[in-house]
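1. let me see the structure of the following:
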Amino acid sequence: MIKVLGKAAGILFAAFGNAILGLLMSLTFGALGKLFPDNFTNQIWGLVLFDIAAMIWALAFVYKSESTGQYAVAAIGFVAAFVGTLGMVAVEVLLSGQEYVEVQSWVGQWMVYGFIIVTAIHAALLYAHHATAPDIHQKINVGVARGEIVTTAITQATHRLEVEKESLARSIHDDIVAQVKRDLGIPTSNHVLDLPALPVDNSAPPYPVTFAKDAISPLSWEWLRSKVWKPKQAATEKPEAVTSDPSSQASGDHS
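-> Now for the predicted structure:
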């Protein structure tokens, strides 16, 4: 029984909600009929701006908002559409032929002004909702930062050109004069480059002096020494070996 009552309550609440929405749309449509008496198309578009807009902004608030800006825009759109719907309902009730409340002339005027204001609000909020999306918001912020950087760079370049204006003009002047002289066949003087002298660092150690011996590798030096030095040493030691032999000295004495 409880489950049946729960389902019945859900059905009744849905039917009640649809009835309220239908009542609001019916009264809004009647007020729009007084605002556009001979234009059914504008009456339908008026429903889009008020009753349907309130439902759409509510759905956008719940399902289509991803940033704080989008939530704020959707909330403002829902409030604007809901207040506009209530205003249209009030106008329709006042102007539907009732005789209990005296209708002032400003009621019809504010209905016209309200339609224009609500139209402008919805158009602005629709663009704002798309602009406050995270990816679009990032592109806008990065684009603005890039524009500021480019503007600063242009300003700095302009200041630097102002400082170097004389030297740049002098360079262009020399080129123009040289070109005119070449066109007229006038010999141009050789320009001497006046380069600034570089500072000398006296604290640096002098470069090491490399001798011829140091330039030869150790292996090649040993090879050259073995070829030149050893035969000369052998030639000097050979007579000493002959004179020191006792047998040869004895044979020489007998002879």
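2. tell me where the chain has helices.
-> Here the chain has its helices, by DSSP state H, at 2-35, 40-49, 51-63, 68-95, 106-131, 134-163, 165-184, 212-215, 218-243, 246-254.
3. in CSV, list these along with mean neighbour count and mean pLDDT.
-> Backbone N, C-alpha and C define where each C-beta goes, glycine included. Formatted as CSV, those follow (neighbours: other Cβ atoms under 10 Å; pLDDT from 0 to 100):
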stretch, mean neighbour count, mean pLDDT
helix 2-35, 13, 87
helix 40-49, 16, 89
helix 51-63, 18, 92
helix 68-95, 19, 91
helix 106-131, 15, 90
helix 134-163, 10, 90
helix 165-184, 10, 83
helix 212-215, 8, 50
helix 218-243, 9, 54
helix 246-254, 8, 45
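4. residues making contact with stretch 19-26?
-> Applying Cβ atoms under 8 Å, 6 or more residues apart in numbering, the contact partners of stretch 19-26 are Leu47, Asp51, Met55, Thr85, Val89.
5. stretch 107-117 now?
-> With Cβ under 8 Å, 6+ apart as the test, stretch 107-117 has contacts from Ala31, Lys34, Leu35, Gly46, Leu49, Gly84, Gly87, Met88, Val91, Leu94, Leu95.
6. the first one and Leu95 touch, don't they?
-> Pointing back at Ala31 there. Yes. Between Ala31 and Leu95 there is a contact under Cβ atoms under 8 Å: 7.4 Å.
7. spatially central residue in this structure, please.
-> The residue lying closest to the centre of the chain (Cα atoms, centre = their mean) is Val142, at 4.3 Å.
8. contact partners for Gln43?
-> Counted by Cβ under 8 Å, 6+ apart, Gln43 has contacts Phe29, Leu32, Gly33, Phe36.
9. distance check, it against Phe115.
-> Separation of Gln43 from Phe115 (Cβ to Cβ, to the nearest Å): 11 Å.
10. Ala131 reaches Asn141, doesn't it?
-> No. Checked against Cβ under 8 Å, the pair Ala131 and Asn141 is beyond contact range at 11.2 Å.
11. good, we can wrap up now.
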